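Colleague: when you get a sec, could you give me coordinates for this:
(2 chains)
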Protein chains: 2
Amino acid sequence: MSRIVMKFGGTSVANLDRIRAVAKRIKRETDAGNQVAVVVSAMAGTTDQLIRWVEEASPLHDAREYDAVVSSGEQVTAGLLALVLQNMGISARSWLGWQVPFRTNTVHGSARIEDIDTTRMIERLEDDIVCVMAGFQGISGDNRITTLGRGGSDTSAVALAAALNADRCDIYTDVEGVYTADPRIVSAARKLDKITYEEMLEMASLGAKVLQTRSVIMAMNHGVRVQVLSSFTDKAGTLVVDEDEIVEKQVVSGIAYAKEEAKITLVGVENTPGIAGEIFGPLAKGNINVDMIIQNISEDGKQTDLTFTVPENDVDKAAAILKATGHVKYAKLMSDRDVVKISVIGVGMRSHAGVAARMFETLAAKGINIQVISTSEIKISVLIRAEYYELAVRALHTTFGLDTDQE
Amino acid sequence: MSRIVMKFGGTSVANLDRIRAVAKRIKRETDAGNQVAVVVSAMAGTTDQLIRWVEEASPLHDAREYDAVVSSGEQVTAGLLALVLQNMGISARSWLGWQVPFRTNTVHGSARIEDIDTTRMIERLEDDIVCVMAGFQGISGDNRITTLGRGGSDTSAVALAAALNADRCDIYTDVEGVYTADPRIVSAARKLDKITYEEMLEMASLGAKVLQTRSVIMAMNHGVRVQVLSSFTDKAGTLVVDEDEIVEKQVVSGIAYAKEEAKITLVGVENTPGIAGEIFGPLAKGNINVDMIIQNISEDGKQTDLTFTVPENDVDKAAAILKATGHVKYAKLMSDRDVVKISVIGVGMRSHAGVAARMFETLAAKGINIQVISTSEIKISVLIRAEYYELAVRALHTTFGLDTDQE
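Modeller: Numbers count the residues shown, from 1 in each chain, chains lettered A, B, ... in the order given. Model prediction:
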């Protein structure tokens, strides 16, 4: 007997037929003698509708009321799924965030989980009652509903799995698992059976939108075994686990890309001490997430060109902030939205040199110019012209031996 | 300065434009220096959609999950109205049933209110914060959401007004108040400025669907001054008050009709002691609301014909119950759905004789046959053929001097 948490996203519970399909999956687990807690999102489209209403009601809205309105979507799904399960003869009940209670801080709209009291839920699980919890929501110390931010249901599920000491947290979604590359671009992409938390984290933050980044960090910190799998097929998914569990490590596990990037270059910056702080401090304060940074110093050492990347939507805001900051002297600000970040990811890099060199050679062989490079322990990222991104991903996928065996 | 409760039904908050109109009405009260608590229903149509989902999910649904799902509608409206108020510069916050807390028993789907703890809400009201409470919902002793039954938001509002010791409870609806008769039938019908609780109760239970019966009983028991008025005009409504407050009492205040009635006649019932109990006991157990009853005894006293009315939808169920009860011997069961109950209502009847006689004469003069009669202290009801009902209501309206002065 295992204790598992199953999480179903908005498309998996989009209507009653799909909720019934979800209930059948749950039944398989209870038939197998497992204790099951379920976390559900709102029916697809519901949250967007609620957010539109909130924005129409008050453009600068009180986040506490936003949370009260928006959290109602998960409440409906939790109740309906409990009802469908009961109708199939399975004991079930719904739990709202405040009923668990699933305690968070008071940062409405993107609350952090503080404590989950699972005492009563565990009693019910041990009585073989399926516990269906509304995802994405909690309760603050001042007795108001909070939400965890977009995609927060993944985080709810992983946090609940940690609190319940569950054997597994299955995240059902509309993809079959984590792939070595986006299958829409690379037809030879393979589904990974296992991936490490760290690799998953790089994948998640790089636009392979399978799991919310925050949920992966939480899974890593609490050692929750997460499985990503499809709610529309019966295939095994991808298990996200600790590095120790992966016996045969690939040097490279996957190739990711991120299109919503833009490059900003400040030409002719006066090269004075502390200049980087004067540029990136205000950007950080403006909540702009600067990613890659490179700096070239001119021959005389007096001037420097600074290049960095920001999310595409933040280019104008970043430029405005830099203009407003009178201290920074530069000749010209150039921005370029026509770029894509390509990343090669793999924990095996730690023990294998030469990955960067092979990456650069591969791109050079295809005539693709590298604009910016950044690296971490398990990742190498480059910025290239947008039009080359599919070509780059496919070429790297082949170079690092990720292509499926094909006839 | 007054403390008032304002209640808005589903059509009054059907969309954001209407919610904005509601907010403007609230602003007038706060501008006048009043403390305002608001009770809202779900946006029109929402509750019906949620109920359809629940019924589709599980025909024999768990009432606890029904309540969890269905209560979400009021949650959305409460949050949106609070946001719209804030956007107009008015301090406001939403309260869900469990946050107040608005405590009920555990009879899910039609819970009874047990206790309302208004300590924190009063603090907010005294800080000039508009408190927007989700109607129709409460919390049970076992920490689950309950609902008060269809139309329960009226009851929520009156109960809150009683608990807050409010000076007035304004029920905004889609009619302008309580009329001497249905204006769709009687063009000369007048809006009443004041009506007593008891008269309102008779009106409400007789199909003048302005206020939910339960809310009127509660208002009467707690002496809450209720005003019924339109959320679409600026006219004064009808005040529902204690008899003492009405200086000049009309003998008859209104003429009501109820179409969803049916008549059942048991012909040739053996007239034995306790026979009435054997007939009406099982019907009561089957939750069938028997209204008017008459009994004629045959000349020899051995047999009796029993006629009574039940809600139209319950005729078949009533017949089945009577058949299943083997004890009751009767020759024939006849049912007739083609009847309407017409009632003349007025607290003035207590001190004025002859109302019944004038009623019967008026109907006789129009050639309308009376099938069943029942009376109470402030009401006389008759059952007539359905096709005569408009004619009867108009004739009685004129007889009792209720017509407006017309040129």
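Colleague: distance of A:Asn296 relative to chain B?
Modeller: Look at A:Asn296 and chain B: by C-beta to the nearest C-beta, to the nearest Å, they are 49 Å apart. Just so you know, the C-beta spots here come from the backbone N, C-alpha and C atoms, and that holds for glycine as well.
Colleague: from the chain's centroid, how far away is the helix or strand hosting A:Ser94?
Modeller: Per DSSP states H and E, A:Ser94 falls inside strand A:92-95. With C-alpha atoms, centre = their mean, to the nearest Å as the basis, strand A:92-95 stands 27 Å off its chain's centre.
Colleague: is chain B within reach of that strand?
Modeller: Yes: shown here: strand A:92-95 in contact with chain B (C-beta under 8 Å from any C-beta of the partner chain) through A:93-94.
Colleague: and the residue most central in space within chain A, backbone torsions?
Modeller: Centroid-nearest residue in chain A, with C-alpha atoms, centre = their mean: A:Gln212, separated by 2.6 Å. Here is the backbone geometry of A:Gln212 (degrees, to the nearest 10): phi -70, psi 130.
Colleague: next: the one 4 residues further on.
Modeller: Summarising the backbone geometry of A:Val216 under the convention degrees, to the nearest 10, its torsions are phi -70, psi -40.
Colleague: hang on, isn't it packed against A:Ala204?
Modeller: Yes: counting by C-beta atoms under 8 Å, A:Val216 touches A:Ala204, with 5.4 Å between them.
Colleague: what's the average pLDDT for the strand holding A:Ser94?
Modeller: In this model, strand A:92-95 has a mean pLDDT of 98.
Colleague: buried set for it?
Modeller: Residues of strand A:92-95 classed as buried: A:92-95 (neighbour count, 16 or more other C-beta atoms under 10 Å in any protein chain shown).
Colleague: for chain A, which element, helix or strand, carries the lowest mean pLDDT?
Modeller: strand A:293-297 (a mean of 80; mean pLDDT, DSSP states H and E).
Colleague: would you put the C-alpha positions of it in CSV?
Modeller: Extracted C-alpha coordinates of strand A:293-297, given in CSV (Å, rounded to 0.1, in the frame of the first residue of the first chain):
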residue,chain,number,x,y,z
ILE,A,293,25.2,39.5,-18.8
ILE,A,294,28.4,40.1,-20.8
GLN,A,295,30.7,43.0,-20.7
ASN,A,296,33.4,44.0,-23.3
ILE,A,297,36.0,46.5,-22.3
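Colleague: other SSEs contacting that strand?
Modeller: strand A:303-311, strand A:372-376 (3 or more C-beta pairs under 8 Å, 6 or more residues apart in numbering or on different chains; DSSP states H and E).
Colleague: and the angle from the last one to strand A:303-311?
Modeller: Computed with axes from the mean of the first three to the mean of the last three C-alpha atoms, to 10 degrees, the direction of strand A:372-376 lies at 70 degrees from that of strand A:303-311.
Colleague: thinking again about what came up before, can you list contacts of the helix or strand just after the strand holding A:Ser94?
Modeller: Once the chain leaves strand A:92-95, the next helix or strand it forms, by DSSP H and E, is strand A:102-104. With contact meaning C-beta atoms under 8 Å, 6 or more residues apart in numbering or on different chains, strand A:102-104 is reached by A:111-117, A:133, A:137-141, A:146, A:148, A:156, A:159-160.
Colleague: ranges for the helices of the stretch 51-200 of chain A?
Modeller: For the stretch 51-200 of chain A, helices defined by DSSP state H, counting those that start in this stretch occupy the ranges A:63-70, A:72-87, A:119-126, A:152-163, A:197-205.
Colleague: so the residue nearest to the centre of chain A makes contact with A:Val158?
Modeller: No: counting by C-beta under 8 Å, A:Gln212 stays clear of A:Val158, with 9.0 Å between them.
Colleague: how about stretch A:286-299: buried residues?
Modeller: A:288, A:290-292, A:294.
Colleague: close to chain B: what parts of chain A are there?
Modeller: Checking chain A against chain B by C-beta under 8 Å from any C-beta, the hits are A:16, A:19, A:50, A:53-54, A:56-62, A:64-66, A:68-69, A:71-73, A:75-76, A:78-80, A:82-84, A:86-87, A:93-94, A:96, A:98-99, A:143-145.
Colleague: thanks a lot, see you next time.
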